[in-house]
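Colleague: Okay, here's the prediction I keep looking at, along with the sequence it came from:
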Amino acid sequence: MSVQTMDALDRELLNLLQEDLPLVPRPYQALAERLGTTEDDVLRRVAELKKTVVRQISAIFDTRALGYASSLVAARVKPELVDEAAQVINEHPGVSHNYKRNHAFNLWFTIAVPPNSRFGLEKTVEILGQRAPGVESIRLLPTLKLFKIGVQLDVTGKEDTAKAKAKPTYTDEDRRNADNRLSDLDIAMIRELQKDLPVTARPFDEWAQNIGITTEELLAGAESLKKRKLMRRFSAVLRHRQAGFLFNGMGVWNVPDDKVEEVGPKMAAFKAVSHCYLRPRYEDWPYNIFTMVHGRSLEECEAILKSIEEETGITDRIVLYSTKEYKKTRVEYFTPETYEWEAKVAEEMGL
């Protein structure tokens, strides 16, 4: 199914799936009631949408609240070796997003490492820079302040994307208030809830059985993780291009330090901005606020950024568009793959 062949109900369903799936034993039935259709119809539609538009339906956790160290990383790579460098970097299990962008820093990826990583975040990134061919410079751009994180793409086409304002979403205050004391049961539930949700009438039953608890206990645990600000929501991630959002622009802004607290929330309020962060400046990098925007066209992205300029009065910015996607997934927490990668690399490099 493509965006062109979706009917109005498919589009409404996609909008609902991105918001927050009901944490009930029969979530697709709950969606059907909201849409005025049947559970069987929703199951059929979701199954079709997952073949093309929907990448995954699962819990979205806050990486740092779970104790993981994470950062956006920018690398300047010899142009002829970008593909090879991306392949090496993608081997790290904590790399969730990796894009080629139209800038001298042409490879941009996000990475997370567990709290008991043998290398830690900075050393891991250093190692990746050494192992990936053609890397001339690699730079950590960690989040100094989170203004917003949460993608809500309007698939219905009813909204003016350049002007639409977002519903409240996960912020830096939520992260500060997170209760990250994790029990063994919490970790077991996180391992299950991060999986792709089956398209069945009672999709949570199997996960509960894997842990040895009831479905009701699993769902109560999931609600607890949300209340404790460890889970942001349980929702779908779309394949943006298949959903009609062909352009992914990273707008970076040079905001005076004394205006950051005023400007950041204004930028985050735009619905078309999925991520808004304060990040460090460097001698050759004056930009400190990063906004991710998604649009159906280059012109739509530029209109969004122009609206942000008008709202904030900030005009010193550039936009980096992704020209190739190397990896896009969700970080998997409390799984052995990162430790296995570290052990292998330590042996190979004599560390």
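Modeller: Okay, I see it. Numbering: from 1, shown residues only.
Colleague: got the residue ranges for the strands in the stretch 1-150 of the chain?
Modeller: Per DSSP state E, counting those that start in this stretch, the stretch 1-150 of the chain carries strands over the ranges 54-61, 69-77, 95-101, 107-113, 135-141, 145-149.
Colleague: Lowest mean pLDDT across those, which one is that?
Modeller: Sorting the strands of the stretch 1-150 of the chain by mean pLDDT places strand 145-149 lowest, at a mean of 90.
Colleague: For it, which helices and strands make contact with it?
Modeller: Packing partners of strand 145-149 (3 or more CB pairs under 8 Å, 6 or more residues apart in numbering; DSSP states H and E): helix 172-176, helix 260-268, strand 273-278. In short, each C-beta sits where N, CA and C put it, glycine included.
Colleague: As JSON lines, the ones you listed with mean pLDDT and mean neighbour count would be great.
Modeller: Below are those laid out as JSON lines (pLDDT from 0 to 100; neighbours: other CB atoms under 10 Å):
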{"stretch": "helix 172-176", "mean pLDDT": "78", "mean neighbour count": "15"}
{"stretch": "helix 260-268", "mean pLDDT": "96", "mean neighbour count": "18"}
{"stretch": "strand 273-278", "mean pLDDT": "93", "mean neighbour count": "22"}
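Colleague: wait, which of those is closest to Leu219?
Modeller: Leu219 sits nearest to helix 172-176 of all the helices and strands packed on strand 145-149, at 21.0 Å, using CB to CB.
Colleague: For the residue lying closest to Leu128 once chain neighbours are set aside, give its distance to Ala343.
Modeller: Closest residue to Leu128 apart from its sequence neighbours, by CB to CB, 6 or more residues apart in numbering: Ile89 at 5.3 Å. Per CB to CB, to the nearest Å, Ile89 is found 18 Å from Ala343.
Colleague: I'd say Met72 and Arg139 touch.
Modeller: That one is not Met; residue 72 is Leu. No. Leu72 lies out of contact with Arg139 (CB atoms under 8 Å); the separation is 9.3 Å.
Colleague: neighbours around the residue nearest to Leu128, how many?
Modeller: 25 (other CB atoms under 10 Å).
Colleague: about what we covered before: with distance to Glu192 added, can I get the helices and strands packed on strand 145-149 in a markdown table?
Modeller: Below are the helices and strands packed on strand 145-149 laid out as a markdown table (distance: least, CB to CB, whole Å):
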| stretch | distance to Glu192 |
| --- | --- |
| helix 172-176 | 23 |
| helix 260-268 | 31 |
| strand 273-278 | 26 |
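Colleague: Let me know which of those is the nearest to Arg239.
Modeller: strand 273-278 (14.3 Å).
Colleague: Does the very next helix or strand once past that closest one pack against any helices or strands, and if so which?
Modeller: For strand 273-278, the following helix or strand on the C-terminal side (DSSP states H and E) is strand 289-295. Using 3+ CB pairs under 8 Å, 6+ apart, the elements in contact with strand 289-295 are strand 247-253, helix 260-268, strand 273-278, helix 298-312.
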